[in-house]
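Novice: missing the sequence, but the structure's below:
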């Protein structure tokens, strides 16, 4: 099978690798984005204190940016050359998909860091406002 | 092959740019309204941002139209398409995040003054 398919089409294995790589990375991105932003809405509600519309729209804006960056990066690093056997295919695919997963993990933690930071800033602002109000009542 | 590449690239790039632009315009409205609560300033800023976004991105997409390598096979077609469309998406994402940061900073300084 090996020789026949490569004689018919020299790019057989490369096309097969792309056929695996693109769906895997797209599915991975969609899965991570759905998980992250379903749970991120809770943080956004906490940050924007009951302004539901603003929380939802900010969450969506971040989601769009997340999709753009990750799908863009996944497609950008697609290029694979010199795949002549099924062993090369598995090696090249695992390297690409593994590298992309690591990148996705780093971006995920960066997003979580932003959520935690936003929550902290909003808590500090709230405390400051309460203190100012208390001072005004006293004075 | 070169023509197939150009046609697919243009269709994909314009589709992505218009879809993302419409999505950002729709979801940016409440965000801008919260940042600029007075008058209709938010609507005008949103429209200006959308126009600038279209100009910048369609300009980039057309500027980058010519493939860097000659395309001989299906594999190189997919490679070149993915490379260029992927970079376009990366640029869109970077511009989007920098827009968010700039708008947030502008609104914060206007509140403090």
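Specialist: Thanks, I have the structure now. If you're wondering where the values come from, they're calculated on a predicted model, not measured in any experiment.

Novice: For chain A, which helix extends over the most residues?
Specialist: Longest helix of chain A, by residue count under DSSP state H: helix A:86-138.

Novice: pLDDT on it, on average?
Specialist: In this model, helix A:86-138 has an average pLDDT of 90.

Novice: With stretch A:48-67 instead?
Specialist: pLDDT averaged over stretch A:48-67 gives 86.

Novice: One more: stretch B:95-105?
Specialist: Mean pLDDT, computed over stretch B:95-105, is 85.

Novice: contact partners of that stretch?
Specialist: Applying CB atoms under 8 Å, 6 or more residues apart in numbering or on different chains, the external contacts of stretch B:95-105 come out as A:61, A:64-65, A:68-69, B:24, B:31-32, B:35, B:45, B:49, B:53, B:56-57. Placement of C-beta: from N, CA and C, glycine included.

Novice: Chain A against chain B: which residues are in contact?
Specialist: A:10-11, A:14-15, A:18, A:22, A:51, A:53-54, A:56-58, A:60-61, A:64-66, A:68-69, A:71-79 (CB under 8 Å from any CB of the partner chain).

Novice: Where does the prediction get shaky in chain B?
Specialist: For chain B, the stretches flagged by pLDDT under 70 are B:67-68, B:107, B:109-113.

Novice: Residue B:42 - nearest residue in space that isn't next to it in sequence?
Specialist: Among residues not flanking residue B:42 along the chain, residue B:32 sits closest, at 3.9 Å (CB to CB, 6 or more residues apart in numbering or on different chains).

Novice: I would like a ChimeraX command selecting only the buried ones among the residues of chain A next to chain B, please.
Specialist: Command for ChimeraX that selects the buried part of the residues of chain A next to chain B, burial taken from 16 or more other CB atoms under 10 Å in any protein chain shown:
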select /A:11,14,18,22,54,56,57,58,60,61,64,65,66,68,69,71,72,73,74,75,76,77,78,79
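
Novice: and the residues of chain A next to chain B, which of them are in helices?
Specialist: If you go by DSSP H, those have A:14-15, A:18, A:22, A:53-54, A:56-58, A:60-61, A:64-66, A:68-69, A:71-76 in helices.

Novice: Show me the contact partners of stretch B:32-52.
Specialist: Residues from elsewhere that reach stretch B:32-52 (CB under 8 Å, 6+ apart): A:51, A:54, B:21, B:24-25, B:28-29, B:99, B:103-104, B:106-107, B:110.
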